[in-house]
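1. Have a look at this fold, sequence not included:
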């Protein structure tokens, strides 16, 4: 590989990374500005959960047809075309003064960001050799997750300084810049876009969905990845401010610790899996995620912020380890990796939507005073999340037995 070719490949990584960074930023914003939205627009917990979940609902809805579109037209055009929806959504969100306006804006943002990760992986597959693909993809996901850090303390500061509306207005311009950069830079090699009947047909998906082992690791992905998205992206913010009484910036610092934990989990889970195997690492991460949820359930306003930061970081590390479910899917269906990975992604993103909305219903079932809910409301939401993780982890457990299925993490 020449130095020029290598530089062009990493330029493609860079432009997709900007878009993926923004995707992580947007999915996490409402955790920080939840109280602002309640105050400025007057929406309750249930409506807040529903509106926030629309990012994941539209994101999930487009996953299956997305694969066929990427195969036919390529990531250079499909991903930027979708990003234009996010531009419109961010602008609408900035201007909205009703629940409907916020909901439509949030849904458009989710639709726009739906093609970023899968588009990136599609482009990388045509640019990097198979031996480098895994490391490049892992690095990409880890660095992209840093976008969640910007949706923590920095967003709390910006929202208090210039207002959340201005943040979303400028964000629309950044998304437009990312879309233009992908069109200009992400040129795929000739022949990278190939259409086959098996790649675009639905038969492969029916085979995936009929597989017993798929129904062991996919529900766990819904519980763990969906639970992580639900708490990091929305409910951790109100939990910290309303349940534990933290100020906005202190809550932002705890959320930043969670974001750092997520990044560390993405970057480090592959190394752990190389030692212990993918299935056992996924199970161990889910168990640690469950323990962190139970400890948060016990948290009180007397706990020091440093302890909350450590616990939030642990929750992030444990939850992020479930990214290895993509490896389980790849190994289970080596001849149809794209469809298998997309199917698992549907459960992770769909779980985020389901739990953001569902936990909002749980919290909203308890009476509020001036927009704030009692401690028991958030304890109930944590208990529901923990119960879901426990049930799906028990079902997943047989895959950790030696010889249950070839483990992609071990030779």
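-> Nice, thanks for sending it over. Computed from a predicted structure; not experimentally measured. Residues are numbered from 1 along each chain as shown.
2. Might one say that residue 75 is in contact with residue 183?
-> No: the criterion here is C-beta atoms under 8 Å, and residue 75 misses it with residue 183 at 10.5 Å. (Each C-beta comes from the backbone N, C-alpha and C, glycine too.)
3. Which element, helix or strand, includes residue 21?
-> helix 3-41 (DSSP states H and E).
4. Go through that helix and flag the buried ones.
-> 9, 12-13, 15-38, 41 (16 or more other C-beta atoms under 10 Å).
5. picking up where we left off before, what about residue 75 and residue 183, which has more around it?
-> residue 75 (27 against 15; other C-beta atoms under 10 Å).
6. if you skip the residues just before and after it, what's nearest to that one?
-> What sits nearest to residue 75 in space, not counting adjacent residues and going by C-beta to C-beta, 6 or more residues apart in numbering, is residue 119, at 3.7 Å.
7. by contact count, what packs against the host helix or strand of the one you found?
-> Residue 119 is part of helix 116-127 when elements are defined by DSSP H and E. Applying 3 or more C-beta pairs under 8 Å, 6 or more residues apart in numbering; DSSP states H and E, one finds that helix 116-127 contacts helix 3-41, helix 63-73, helix 75-95, helix 130-144, helix 337-364.
8. which one of these lies closest to residue 399?
-> Within these, the stretch nearest residue 399 is helix 337-364; the backing value is 13.6 Å (C-beta to C-beta).
9. Could you report the neighbour count for residue 369?
-> For residue 369, using other C-beta under 10 Å, the count is 7.
10. I'd say residue 379 and residue 299 touch.
-> No: Residue 379 is not in contact with residue 299 according to C-beta under 8 Å; the separation is 9.3 Å.
11. Overlap in contacts, those two.
-> residue 243 (C-beta atoms under 8 Å, 6 or more residues apart in numbering).
12. for the stretch 301-411 of the chain, what spans make up the helices?
-> 305-320, 325-332, 337-364, 375-396 (DSSP state H, counting those that start in this stretch).
13. could you give the mean pLDDT of the second one?
-> For helix 325-332, the per-residue pLDDT values average out at 80.
14. Which elements pack onto it?
-> Judged by 3+ C-beta pairs under 8 Å, 6+ apart, helix 325-332 is in contact with helix 214-230, helix 278-298, helix 337-364.
15. what's the closest of these to residue 83?
-> Nearest to residue 83 among those is helix 337-364 (16.8 Å), distances taken as C-beta to C-beta.
16. Can you tell me which of the helices and strands packed on helix 116-127 has the worst average pLDDT?
-> Taking the mean pLDDT of the helices and strands packed on helix 116-127, helix 130-144 comes last: a mean of 74.
17. Report the rounded mean pLDDT for the helix or strand following that helix.
-> Sequence-wise, the next helix or strand downstream of helix 130-144 (DSSP H and E) is helix 147-150. For helix 147-150, mean pLDDT rounds to 84.
18. re the thing from before, report the contact partners of the residue nearest to residue 75.
-> Per C-beta under 8 Å, 6+ apart, neighbours of residue 119: 16, 70, 75, 78-79.
19. ok, 6 Å please
-> 75, 78-79 (C-beta atoms under 6 Å, 6 or more residues apart in numbering).
20. hey, where'd the helices end up in the stretch 151-300 of the chain?
-> 153-161, 164-185, 197-200, 203-210, 214-230, 236-238, 248-276, 278-298.
21. and of these, who's closest to residue 369?
-> helix 236-238 (13.7 Å).
22. chain center to that closest one: distance?
-> 17 Å (C-alpha atoms, centre = their mean, to the nearest Å).
23. Can you give me the neighbour number for residue 98?
-> Neighbours around residue 98, by other C-beta under 10 Å: 11.
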